[in-house]
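Asker: Structure of the sequence below:
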Amino acid sequence: MSKPKGFEKPTGFRDYTPLVVTKLRTIERNVLECMERWGYRQIITPTIEYYDTVGVASSTSDRKLFKLLNSRGTTLVLRSDLTAPIARVVSSLLKDEELPLRLSYHANVFRSIEEEAGREAEFFQTGVELVGDDSPEADAEVVALAIASLQAAGVASFKIAMGHMGFLNGLLEEVIPGQTVQQEQLKEGLLGRDYVGYRQSIEALNLEPKLKEQLEAILRLRGGKEVCTHATELSSSAEAAQSIAHLCAVFEVLEAYGVSEHVLIDLTMIGDFSYYTGMTFEGYAAELGSPVCSGGRYDNLLQQFGRSLPATGFALKTNRIIDGVHGITIEEKKPVRIQYTSECRAEALTEAARLRSSGHNVVTFLLPEDGAETSTTNVGALTGNKSIQAEQVITFGPEKGGER
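Answerer: Here you go, the predicted model:
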C-alpha cells in the first residue's frame, strides 16, 4: 500500500474552506435560533460513545459504524446520529426534568461508506427531539418546525412528504398475515423507492387479484387530505385505521399552523421501518432529488436506555443544503487594514483594538523599513492580494492616519 501524499485525506472526508464555513455557521446559527424560539434548548453529546449502548441503539446499520477500541479493549463508536445519544442523556441526566422535553442540536456525525464518489463519511446535522408527548399535536409541531427550519436555512422551495408506519404494517398484516419475510421485502422496496421491485415482490406472492390490488394501490396514495379518505377505504385493519386517523389529525394541526401547502401525504413514505414507529416524513428541496431533512416518531428507542417514553424529531441534512441549495448568499465581510511602521506600532495596535471592540474586523501589517526587504505577507497586503481585500486601509507611519 502506497503512502498517502501530504495533501490527501481519507475518502469521504472533506476540508471546509473559509467561505463554506461561513455559510455553514450562518445556517447553523439561523436554524438554532429558530429552534430556540420554539422552546428547544441546545444539547451537546460526545463524539465517541460506547458501542454496546448508543451504537447498538442507533438507527445506523452496524456495517456503517466507525468502531475503535480504547486502552481497555472496549469497543467504541463515532456517533452516527444524535438521536440515540440524546436518548441516553434523557434517560440519565435529564430523568428528573419536566416532560415534554424539547432539545436541539448541531453536530458532525460519522458513517462508514463504500469508496464511491459523492458520498460523505462525515457530515453535519441540525435537528430536534421532542420527548414525552405522543399526540398528533407533537408530531405536527415537529413537522411545522422542520418547515420553519428549512426556511431559516435559506431553502425557499420545498415539499414535505409525510407517511405513517402503522398504516403499512396494518395493511400488510391484513393482506399477507404472518408472512414476516415477505412483508419485510415489500417494505424494502418502498424504502428504496424501488416501485418496480415492489410490484415484482407482489407478483411473486401469487395473490388473488383483489389482494394484489390492495398492495399496489398504496403507490397511488399521495396527495392532500383526500388521501386519508382513500386510505380508509383501502384497508379494514384496526391498526391502519388508527394510523390514518392520527395522520389526518396531524395534517389538521398543520393547517392551523398555516403550513399545509408545504406538505403532502405519501403513504409509501415509511422511513427506516426498523426504527420509526409512527408518523415519518422527508423534506425535498426544489434543487435536489435527495432529501434535505427527515424525521418521525420513534417510540421504542428510549426503553433501550431504561426509560419508556414516546419521542419524535427530525434532522436537517446540513451538508446537502450547503452544497446544493442556493438560498443563502454569503458575502465575506472585508476587514479594515491597519499598516504601520515600527515606530508607530503601539498607536496602530491601539487603534486596531478600538475598532475590533466596536465590531470591525481588523488585520494589521508591519510596513517595511526604508531599504529593508519586504516580507511576502506585506507585499500581498500592499499590492491588493484578493484574499485580504480591505474595506478601508489606515496607515500609521510616513502617511500617519492616511487612508486609501
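
Asker: which residues of the stretch 151-300 of the chain fall in strands?
Answerer: 158-164, 222-223, 263-266, 279-285, 293-297 (DSSP state E, counting those that start in this stretch).

Asker: Give me the residues contacting the last one.
Answerer: The contact list for strand 293-297 (Cβ atoms under 8 Å, 6 or more residues apart in numbering) reads 127, 134, 139, 142-143, 146, 149-150, 165, 271, 276-283, 310-317. Heads up, the C-betas are built off the backbone N, CA and C, glycines and all.

Asker: Buried residues, that strand. List them.
Answerer: Within strand 293-297, the residues that qualify as buried by neighbour count (16 or more other Cβ atoms under 10 Å) are 293-297.

Asker: Just give the strands next to it in its sheet, each with its orientation.
Answerer: strand 279-285 (antiparallel), strand 311-317 (antiparallel) (DSSP bridges).

Asker: For Ile44, find the nearest of those.
Answerer: strand 311-317 (15.2 Å; Cβ to Cβ).

Asker: Give me the angle between that closest one and strand 158-164.
Answerer: For strand 311-317 against strand 158-164, the angle by axes from the mean of the first three to the mean of the last three Cα atoms, to 10 degrees is 150 degrees.

Asker: returning to what we had before: and the strands of the stretch 151-300 of the chain, which one averages the lowest pLDDT?
Answerer: Mean pLDDT is lowest for strand 222-223 among these, at a mean of 90.

Asker: Quickly run through the sheet partners of it, with directions.
Answerer: As defined by DSSP bridges, the strand partners of strand 222-223 come to strand 263-266 (antiparallel).

Asker: Can you dump the C-alpha atoms of the partner strand in CSV for me?
Answerer: C-alpha atoms of strand 263-266 as CSV (Å, rounded to 0.1, in the frame of the first residue of the first chain):
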residue,chain,number,x,y,z
VAL,A,263,-47.0,19.1,3.0
LEU,A,264,-48.3,16.2,1.0
ILE,A,265,-49.4,12.8,2.4
ASP,A,266,-47.4,10.0,0.9
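
Asker: returning to what we had before: of all the strands paired with strand 293-297, which one is nearest Val362?
Answerer: Comparison of the strands paired with strand 293-297 against Val362 by Cβ to Cβ identifies strand 311-317 as nearest, at 34.0 Å.

Asker: roughly how far out does that closest one sit from the chain middle?
Answerer: 7 Å (Cα atoms, centre = their mean, to the nearest Å).
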